[in-house]
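A.B. asks: what follows is a predicted protein model with its sequence.
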Amino acid sequence: MYKEIIVVEGTHDKQKLESIFPGIECIITNGSSVSEETISAIILAQKSRGVILFLDPDFPGKKISNFILERVSGLKIAFLLKKDAISKNKKKVGIEHASPEAIKRALEGVFTVETEIFSPISREDLAHLQLFGQSNSQVKRQALCERLGIPLCNGKALISWINRLHITIKQIEEAML
């Protein structure tokens, strides 16, 4: 069981988590327009028990994550791979569609989001590893993101996530093997 409170997008996501982890506590954002009341609840939860952001692996989920991360510091975040969150009819993406195993795997790989960057990884570092600026960079980034358990993203977003999550060059190189 998690001591932290899990932030999810909707009621179905909460119900899915409760079916896997009875007694788990969640805060629901109710979509991409996160209210001040919800932000206040997240801040209070962060101060008392800690918070794990666990949002859908799609554009609205990323938008919500970024919005919350700009307003609340010290949060943890878990990423569900998009391929693990696709509905049976292949038309929707969300936590509610993921298997219990995929959800457990995502929540076991939680990252702490750092507000201070100690030794930032640069665009040049990624270019050296052929993750940026090469014809095959997108394929390499996709494989790296899946191995690290972070969202699929372009080079600029990858730099941001790597630095926010304090992922080192060594960890990147090991994940690329």
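C.D. replies: Received, thanks. Numbers count the residues shown, from 1 in each chain.

A.B. asks: okay, CA-based contacts and neighbour counts for the rest of this
C.D. replies: Will do.

A.B. asks: any idea of the mean pLDDT for stretch 166-177?
C.D. replies: Stretch 166-177 carries an average pLDDT of 91.

A.B. asks: actually, stretch 82-93.
C.D. replies: On average, stretch 82-93 scores 91.

A.B. asks: so what's residue 138 up against?
C.D. replies: Taking Cα atoms under 8 Å, 6 or more residues apart in numbering, we find residue 138 in contact with 131-132, 154.

A.B. asks: against residue 81, how distant is residue 28?
C.D. replies: 20 Å (Cα to Cα, to the nearest Å).

A.B. asks: more neighbours: which of the two?
C.D. replies: Taking neighbours as other Cα atoms under 10 Å, residue 28 and residue 81 compare with residue 81 leading, 23 against 20.

A.B. asks: contacts only, for the more buried one.
C.D. replies: Taking Cα under 8 Å, 6+ apart, we find residue 81 in contact with 57, 146, 149-151.

A.B. asks: those residues: which two are farthest apart?
C.D. replies: Greatest spatial distance among the contacts of residue 81 (Cα to Cα): 57 and 146, at 12.1 Å.

A.B. asks: re earlier: among the contacts of residue 138, name the buried ones.
C.D. replies: 131-132 (16 or more other Cα atoms under 10 Å).

A.B. asks: so which of the contacts of residue 138 would you say is closest to residue 9?
C.D. replies: When these are compared against residue 9 (criterion: Cα to Cα), the nearest one is residue 154, at 23.7 Å.

A.B. asks: what residues are up against the closest one?
C.D. replies: Counting by Cα under 8 Å, 6+ apart, residue 154 touches 138, 141.
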